[in-house]
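S.K.: Build the 3D model from these lines:
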Amino acid sequence: MELKTTHKEVHSKPITAITVNPLRREIITGSEDGSIKIWEAESGKTVQNLNKHQGWVTDLFFWQEAKLLVSASNDGLIITWSSSSIPHQVIKIGNPIYCVSWNSKREQIIIGLNKSVKAFNLVDGTSLSSPYLDEKCETVTHHTDIVKSIVCIDSRVYTASFDRALIMYETSSYPSDHTLHVISAFRQAHAAAITCLTIIRDSESNTWQILSGSFDRSVKIWTQDIQLIHKIEGLSGTITSICYIPLTKVLWVLCGSQDVSMFDPKSGENITEYVSSQKSKGTDSSKYQLLLLQYVPELQEVFCTTNRRTVMAWRYNSCAPVSTLQCKHIPEGLAYTGKSPILIFTGDCEGRITKWEQLQLNNFMYSSDSFNLQDMTRTLQFSNYDVITPLNGSERKSRSINKMLFVEDLDILVAVADDCHIYIWGFDEQAMNELRDSVPGGDNLFQTIEDGAVTNRVAGFTCKRVLNKHSQSVTGAAVIPQESYMSTSHLISCGADRRLCLWNLQLGTLVGTYTNSSGSEAASEEVITDVAYAKSRREFAYSSADKLIYIRKFATSVKSWNLLHVLQGHESEVSHVVWNDLCSMWVSGSDDCTLRTWSVHKHGYLETTTTVTDTQCPITALTCDLVNGAVIVGLQDIIRVYEGGTMKRVQTHTGHRDSVRGLMHVPERSQYISIAWDSSICIWNAYKSFNRQNNSPAPI
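M.R.: Predicted coordinates:
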């Protein structure tokens with residue numbers, strides 16, 4: 001949900017009630033002065049003013065079946081309003097009314113008063129097309145204080161009161177019997193007065209749940225039979241409103257502060273920090289105190305009133321982050337492993353590796369473990385047996401991670417860094433063996449774990465090797481997966497020293513360094529910025545600051561790296577290159593603010609089709625969707641998704657506050673993951689290709 005607009009000074013007095021007419025896309029608010037305003041949701045323009053109440057408007061709801069607005073007030077009146085702003089019916093109760101609800105199953109209006117609940121039925125012979133309420137109502141007096149909230153589920157009515165009681169009534173199916181029968185009563189549902197009540201439907205179990213908020217600063221989640229499921233405690237103040245957003249599966253809670261507190265209703269966990277981009281947009285510089293929430297599924301919007309007579313509106317954005325994780329340091333490298341459990345890895349400007357794992361509680365929260373190379377106590381294996389001396393404070397930035405790759409068949413993480421080295425990280429087998437020996441029956445336990453494909457991931461993570469051949473910053477790397485003609489997976493690395501190195505990843509040894517015809521190890525005229533491998537063609541490409549992209553045939557002997565083609569067209573440094581296997585094309589990004597695709601035809605590079613996309617700013621990150629071939633591009637603080645075949649822009653993601661530095665697609669979860677210089681990791685829903693059988697266009 002993203003903040004769409006703020007309507008200021010809607011009333012001259014504080015707002016006390018809010019509802020929505022989804023049929024006309026209108027917002028309806030009531031005030032302390034008894035006035036009711038109807039205004040357009042988009043523009044904020046006032047459509048109608050209703051002035052009939054002489055006291056606070058305590059509750060409002062739009063009666064969709066009858067197309068009438070129902071208002072209640074502490075002046076003791078219930079008024080139903082027609083679309084022409086004329087009172088359709090006025091019922092005098094004689095006592096303040098605190099809440100009103102509609103029981104669609106029994107066609108009853110239910111109201112809450114001091115110590116009592118009243119149920120009004122339709123007058124015999126009237127229908128919902130022109131309804132009138134029978135002023136002879138059914139009254140029950142099971143509460144001992146003000147009835148503040150009422151909700152209805154089918155034939156059941158739930159009431160909550162300042163007396164701390166939560167009561168469930170059953171309404172009779174007999175037309176002549178309008179009695180509310182008490183089915184269950186929880187007299188001490190909260191430790192203090194209950195202030196609000198709402199209902200949500202669990203889509204997985206297809207059951208309803210009741211949520212209550214109280215002066216005791218807690219929210220409780222109940223079953224339909226008033227059995228407690230979760231208790232959410234530790235909120236900062238009295239709960240003033242609760243709202244569930246089905247599209248994001250997030251529970252919003254207001255407790256007298258300037259921010260929305262967000263929870264996962266399934267686990268009861270506070271997920272506010274993981275959806276911080278949503279939370280931050282709900283905070284205004286004027287520090288409004290948020291009071292009442294109203295979700296409108298027809299508009300996919302949430303409306304919120306404040307103590308400054310303001311109404312704020314959030315709109316659902318399918319391209320907003322699903323979850324946001326905060327890093328301690330600026331992340332520069334990003335990788336993941338698709339084996340269970342799926343793990344995300346980030347490498348930062350300090351040389352640290354952080355492992356992230358989604359918690360089983362919900363889809364928002366992640367646990368993290370950080371590993372610092374200088375904290376590794378085990379002996380590192382170096383490719384040429386040199387020793388890396390510890391870095392002092394002024395030199396530590398040189399160990400910044402530039403790129404990371406996870407090699408699935410070897411279960412290792414490759415991290416290339418600014419300090420000229422390539423670090424090979426892996427799961428700590430020695431620690432796993434020690435854990436196996438320390439646990440009774442450990443052999444059988446770990447065999448079960450290995451059968452479940454998580455192997456040694458229950459143990460720690462450590463740096464196993466350091467590969468050092470480059471003399472300057474290592475800028476990129478590409479994994480060559482093991483095939484029939486290779487004994488193991490290999491790695492091609494490139495750097496600012498213009499070298500291309502080939503490594504045996506299983507042995508951690510240098511296979512060779514590319515040498516040109518003149519005997520120099522320079523593979524380009526200027527710095528090599530990136531390298532990518534096309535498995536289907538057994539080719540690799542590398543981009544350079546000389547504005548070119550070089551295509552070479554891959555072989556396990558660097559002497560056979562024949563140059564196949566040079567792609568020309570960029571007018572500035574080419575910063576990124578990737579292979580799009582689904583579309584059979586190379587994709588490159590440059591500082592010249594263009595994105596280029598190079599389609600390879602059956603005759604090879606003799607027939608290359610080039611498309612140019614003007615991005616209007618330099619490309620900062622680049623990857624491809626592994627399912628539909630879409631091209632995903634980081635452009636400063638935004639992410640754009642282009643359809644692979646046409647390069648038509650189909651989706652835009654916003655949420656970062658600084659330059660996006662890394663992107664990847666996790667097909668196992670249908671998600672994109674990005675890192676940025678704002679020290680955040682954002683997780684997004686992946687783009688789904690347009691289905692011609694579905695007439696709805698892709699979001700832009």
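S.K.: ok, residue 523 - how many residues close by?
M.R.: Residues near residue 523, counting by other Cβ atoms under 10 Å, number 25. In this view, the C-beta of every residue, glycine as well, is placed from N, C-alpha and C.
S.K.: Can you pull the phi/psi pair for it?
M.R.: phi -90, psi 0 (degrees, to the nearest 10).
S.K.: Could you report the pLDDT at it?
M.R.: Looking at residue 523, its pLDDT stands at 96.
S.K.: Same check on residue 46?
M.R.: What the model reports for residue 46 is a pLDDT of 89.
S.K.: Please apply the same query to residue 175.
M.R.: 64.
S.K.: and if you look at residue 672?
M.R.: Note on residue 672: pLDDT of 98.
S.K.: Name the nearest residue to it, ignoring sequence neighbours.
M.R.: Nearest residue to residue 672, sequence neighbours excluded (Cβ to Cβ, 6 or more residues apart in numbering): residue 684, at 4.5 Å.
S.K.: Can you spell out which helices and strands pack onto the helix or strand hosting the one you found?
M.R.: Here residue 684, judged by DSSP states H and E, is contained in strand 680-685. The criterion is 3 or more Cβ pairs under 8 Å, 6 or more residues apart in numbering; DSSP states H and E, and the helices and strands that strand 680-685 contacts are strand 323-326, strand 671-676.
S.K.: For residue 545, see how far away residue 516 is.
M.R.: 17 Å (Cβ to Cβ, to the nearest Å).
S.K.: Just grab the bridge partners of residue 494 for me.
M.R.: Taking DSSP bridges, one finds residue 476, residue 500 as the beta-bridge partners of residue 494.
S.K.: Spit out the contact partners of the residue nearest to residue 672.
M.R.: Taking Cβ atoms under 8 Å, 6 or more residues apart in numbering as the criterion, residue 684 is in contact with 319-322, 639, 653, 655, 671-674.
S.K.: between those, which is nearest residue 623?
M.R.: Nearest to residue 623 out of those is residue 672 (Cβ to Cβ; 8.2 Å).
S.K.: Look up which residues are beta-bridged to the closest one.
M.R.: Following DSSP bridges, residue 672 is listed with bridge partners residue 665, residue 684.
S.K.: What distance do you get for it to residue 49?
M.R.: Residue 672 sits at a distance of 47 Å from residue 49 (criterion: Cβ to Cβ).
S.K.: more crowded one of those two?
M.R.: Per other Cβ under 10 Å, whichever of residue 672 and residue 49 has more neighbours is residue 672, with 25 against 11.
S.K.: most tightly surrounded among the helices and strands packed on strand 680-685?
M.R.: Each of the helices and strands packed on strand 680-685 was scored by mean neighbour count; the highest is strand 671-676, a mean of 24, by mean count of other Cβ atoms under 10 Å.
S.K.: can you list contacts of it?
M.R.: Strand 671-676 is contacted from outside by 322, 327, 331-334, 336, 344, 346, 621, 625, 632, 634, 637, 639, 653, 656-666, 681-687, using Cβ under 8 Å, 6+ apart.
S.K.: What's the PyMOL line that selects buried ones from the residues you listed?
M.R.: In PyMOL, this line selects whichever of the contacts of strand 671-676 come out buried by 16 or more other Cβ atoms under 10 Å:
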select buried, resi 322+327+331+332+333+334+336+344+346+621+625+632+634+637+639+653+656+659+660+661+662+663+664+665+666+681+682+683+684+685+686+687
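S.K.: in the protein, what secondary structure element scores lowest on mean pLDDT?
M.R.: Lowest on mean pLDDT, DSSP states H and E among the helices and strands of the chain sits helix 276-281, with a mean of 45.
S.K.: What pairs with the helix or strand following that one, parallel or antiparallel?
M.R.: Under the assignment DSSP H and E, the closest C-terminal helix or strand after helix 276-281 is strand 290-296. Sheet pairing here is set by DSSP bridges, and for strand 290-296 it gives strand 301-306 (antiparallel).
S.K.: What helices and strands are in contact with the helix or strand that the partner strand is followed by?
M.R.: The element immediately downstream of strand 301-306 (helix or strand, assigned by DSSP H and E) is strand 311-315. Here strand 311-315 touches strand 2-7, strand 301-306, going by 3+ Cβ pairs under 8 Å, 6+ apart.
S.K.: Name the residues of the last one that are buried.
M.R.: I take that to be strand 301-306. 301-306.
S.K.: Max pairwise distance over those residues: which two?
M.R.: Within the buried residues of strand 301-306, 301 and 306 form the most distant pair, 16.2 Å apart (Cβ to Cβ).
S.K.: still on that earlier bit, make a markdown table out of the buried residues of strand 301-306 and add distance to residue 44.
M.R.: Shown next, in a markdown table, are the buried residues of strand 301-306 (distance: Cβ to Cβ, whole Å):
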| residue | distance to residue 44 |
| --- | --- |
| 301 | 13 |
| 302 | 16 |
| 303 | 11 |
| 304 | 14 |
| 305 | 14 |
| 306 | 14 |
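S.K.: Which single one of those residues is nearest to residue 121?
M.R.: Taking the buried residues of strand 301-306 together and measuring to residue 121 by Cβ to Cβ, the closest member is residue 303, at 30.9 Å.
S.K.: ok, for the closest one, nearest residue in space, not its chain neighbours?
M.R.: For residue 303, the spatially nearest residue (Cβ to Cβ, 6+ apart) is residue 294, at 4.7 Å.
S.K.: so who does that neighbour touch?
M.R.: Applying Cβ under 8 Å, 6+ apart, the residues contacting residue 294 are 18-20, 243, 302-304.
S.K.: Could you measure from residue 203 over to residue 319?
M.R.: If you measure residue 203 against residue 319 using Cβ to Cβ, the figure is 22 Å.
S.K.: One more: residue 689?
M.R.: Taken as Cβ to Cβ, the span from residue 689 to residue 319 is 15 Å.
S.K.: picking up where we left off before, quick check, nearest of the contacts of residue 684 to residue 400?
M.R.: Nearest to residue 400 out of the contacts of residue 684 is residue 674 (Cβ to Cβ; 18.1 Å).
S.K.: Quick check: most distant residue from the centroid of this protein.
M.R.: Farthest-out residue of the chain from its mean C-alpha position, per Cα atoms, centre = their mean: residue 518, at 52.9 Å.
S.K.: got a pLDDT number for it?
M.R.: On pLDDT, residue 518 comes in at 90.
S.K.: Can you tell me the element residue 521 falls in?
M.R.: Counting by DSSP H and E, residue 521 is found in no helix or strand.
S.K.: wait, it sits on residue 515?
M.R.: Yes. Residue 521 is in contact with residue 515 according to Cβ atoms under 8 Å; the separation is 5.6 Å.
S.K.: Could you list the low-confidence segments of the protein?
M.R.: Counting by pLDDT under 70, the chain contains low-confidence ranges at 173-177, 276-286, 374-398, 430-459, 602-603, 606-607, 690-700.
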